[in-house]
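Peer 1: Below are the sequence and a predicted model for it; my questions follow.
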Amino acid sequence: MIRTAVIVGTGLIGTSAGLALSRRGVRVHLLDVDPQAARGAAALGAGTLAVPTAPVDLAVLAVPPRNVVRVLAEQQDRGLALTYTDVASVKDATTRAVAQGVADQASYVGGHPMAGSERSGPLGARADLFDGRPWVLTPTGQTTADALNRVLAAVALCGAVPVMMDPCDHDRAVALVSHAPHVVASLMAARLRGAPDEALRLAGRGARDVTRIAGGDPRLWRDIIGSNAAHVADTLGGLAEDLNTLVAALRAAATCGPGALAAVEELLDRGQDGWQSVHGPNRASPGAQVTLRVTVAGRPGELGRLLDETAEFGVGADSLRLGAPCDGDAPAATANGSAPDELVAYIAASPGVAELLRRKLAGGGWRVSVAPRSAGAPAPGRATVRTADTLTTGTA
């Protein structure tokens, strides 16, 4: 049971953890070398600036990877907490450094919540940031059961799903799904630097989506990528091979005609398969997804209106699938007695987001329910459903 906690580092993740724990009744204390950041987090409701008078149950070290060992040793020396965890996005190097530089390894559990935002600092924090998201834990043979149980309790209070991983396996995985994507987004964003105004005026959702995460703090990301350099390099090396193949095919097509585009189509096919691995409704996920079932009237503009309603929750067209109403869904008759064509939109979201979205949609007059887990959403084929109501993404 967690009754008291200290957040050391009140950036995006630390402040979000403070907000999440505070909403569940935990007394949270906030520490930061930047007093202004700590005051901002406290003003948001993430905790108190008062110094704890006794060891707290858990200290969450929300500091960059390079600082984890130093801060852990300092806080253990002062007896800040019974148990310590971190949120650094690189675990192998951190685990080895703790083993070499920290006397008390029994009270430490490595951690990494797989949640974030392109925004940094306390003003980007949200109490629901971790809802339904995986939170990786990397206990070692030195970790005590009490320490692990305290961290598991905190993860549950934050609404996240604990995932036990070997530190090296974790680093290899996040190189693929987090670190390399950030580099790719930054590379594309760098191509836009100094672009002519007439080009930038044409930038739509496609350019914004691809470059969104490039807005993160460059110094923090330099530390993260550098701490996981070998695995990131492996991932980017495979990407470089694909890019070289693609460039060669495009140059051949420019001189030999579209018959040279077979390699391009093969890459795009593989890309769509990979897209389904992440966005598909039946993808494997350590966090249980909830599927909402929303009946959409056949009137023009209704599907666009639904997407407008879900946008503030970060739910867009890529989280939505369309299907026909089931036999039990009797459509409402129109004024002239006819029944309009209806669709059912299946929306996949984390449990916390799904519940907030369900309440909003129900309050707005939508017919919405939670789809049975066994039913789920219809699996899409190679082509995605498009209607006149879908929003333009800026790509063609």
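Peer 2: Yep, that arrived.
Peer 1: And what about Ile7, helix, strand or coil?
Peer 2: Recorded secondary structure, Ile7: strand (DSSP: H, G, I helix; E, B strand; the rest coil).
Peer 1: in the sheet, who's paired with the nearest residue to Thr48 once chain neighbours are set aside?
Peer 2: With sequence-adjacent residues excluded and distances taken as Cβ to Cβ, 6 or more residues apart in numbering, Thr48 is closest to His29, at 5.8 Å. No exception for glycine: its C-beta is placed from N, CA and C like everyone else's. The bridge-partner assignment for His29, based on DSSP bridges, gives Val6, Thr48.
Peer 1: Distance-wise, check His29 relative to Ala127.
Peer 2: Remark: distance between His29 and Ala127 (Cβ to Cβ, to the nearest Å) = 17 Å.
Peer 1: now Gly215
Peer 2: 22 Å.
Peer 1: what do you get for Glu342?
Peer 2: As for Glu342, its distance to Ala127 is 36 Å (criterion: Cβ to Cβ).
Peer 1: Residues touching stretch 23-36, excluding its own?
Peer 2: Defining contact as Cβ atoms under 8 Å, 6 or more residues apart in numbering, one finds that stretch 23-36 is touched by 2-10, 14, 18, 21-22, 38, 41-42, 46-52, 56, 127, 154, 157.
Peer 1: Ok, stretch 246-257 next?
Peer 2: Contacts with stretch 246-257, where a contact means Cβ under 8 Å, 6+ apart, come from Gly259, Ala260, Leu261, Ala262, Ala263, Val264, Leu267.
Peer 1: which of Glu342 and Ala127 has more neighbours?
Peer 2: More crowded of Glu342 and Ala127, by other Cβ atoms under 10 Å: Ala127, with 22 against 18.
Peer 1: So that one is in contact with Leu21, correct?
Peer 2: No: proximity of Ala127 to Leu21 does not meet the contact threshold set by Cβ atoms under 8 Å, at 9.1 Å.
Peer 1: Now do the shared contacts for those two.
Peer 2: Both Ala127 and Leu21 lack any common contact, where contact means Cβ under 8 Å, 6+ apart.
Peer 1: Can you get me the start-to-end distance on stretch 205-217?
Peer 2: Criterion Cα to Cα, to the nearest Å; first-to-last residue distance in stretch 205-217 is 22 Å.
Peer 1: Quick one: mean pLDDT for stretch 225-245?
Peer 2: When the per-residue pLDDT values of stretch 225-245 are averaged, the result is 93.
Peer 1: Check which residues of it are buried.
Peer 2: Along stretch 225-245, these residues count as buried under the neighbour rule (16 or more other Cβ atoms under 10 Å): Ile225, Ser227, Asn228, His231, Val232, Thr235, Leu236.
Peer 1: gap between the fourth one and Gly194?
Peer 2: Okay, so that is His231. With distances taken as Cβ to Cβ, His231 is found 32 Å from Gly194.
Peer 1: again, but for the second one
Peer 2: Counting by Cβ to Cβ, the gap from Ser227 to Gly194 is 30 Å.
Peer 1: same deal with the fifth one?
Peer 2: Here the distance between Val232 and Gly194 works out to 26 Å (Cβ to Cβ).
Peer 1: And the third one, by the same measure?
Peer 2: In this structure, Asn228 and Gly194 are separated by 30 Å, where distance is defined by Cβ to Cβ.
Peer 1: which residues are in contact with stretch 258-274?
Peer 2: Applying Cβ under 8 Å, 6+ apart, the external contacts of stretch 258-274 come out as Asp242, Thr245, Leu246, Ala248, Ala249, Leu250, Ala252, Ala253, Arg382.
Peer 1: The residue nearest to Thr48: neighbour count?
Peer 2: By the criterion of other Cβ under 10 Å, His29 has 23 neighbours.
Peer 1: cool, Cys158 as well?
Peer 2: Here the number of neighbours of Cys158 (other Cβ under 10 Å) works out to 26.
Peer 1: what residues are up against it?
Peer 2: Under the criterion of Cβ under 8 Å, 6+ apart, the neighbours of Cys158 are Ala17, Ala20, Leu21, Pro113, Phe130, Trp135.
Peer 1: now swap in Thr85 and tell me
Peer 2: Leu58, Ala59, Val60, Leu61, Tyr108, Val109, Gly110, Gly111, Leu137, Val151, Ala154.
Peer 1: The fifth one reaches Ala97, doesn't it?
Peer 2: When you say that, I think you mean Tyr108. No: the pair Tyr108 / Ala97 is not scored as a contact, 11.2 Å apart, by Cβ under 8 Å.
Peer 1: neighbour count winner among those two?
Peer 2: Shown here are Tyr108 and Ala97; by other Cβ under 10 Å, Tyr108 has more neighbours (29 against 17).
Peer 1: ok, so what distance separates that one from Thr53?
Peer 2: 23 Å.
Peer 1: Please identify the buried residues of stretch 296-305?
Peer 2: Per 16+ other Cβ under 10 Å, stretch 296-305 contains these buried residues: Val296, Ala297, Glu302, Leu303.
Peer 1: Tell me which residues are up against stretch 96-103.
Peer 2: Contacts of stretch 96-103 with the rest of the structure, by Cβ under 8 Å, 6+ apart, involve Val68, Val69, Leu72, Ala73, Gln76, Gln105, Tyr108, Gly110, Thr140, Gln142.
Peer 1: tell me which of those residues is nearest to Ala189?
Peer 2: Of all the contacts of stretch 96-103, Ala189 sits closest to Val68, with 28.4 Å by Cβ to Cβ.
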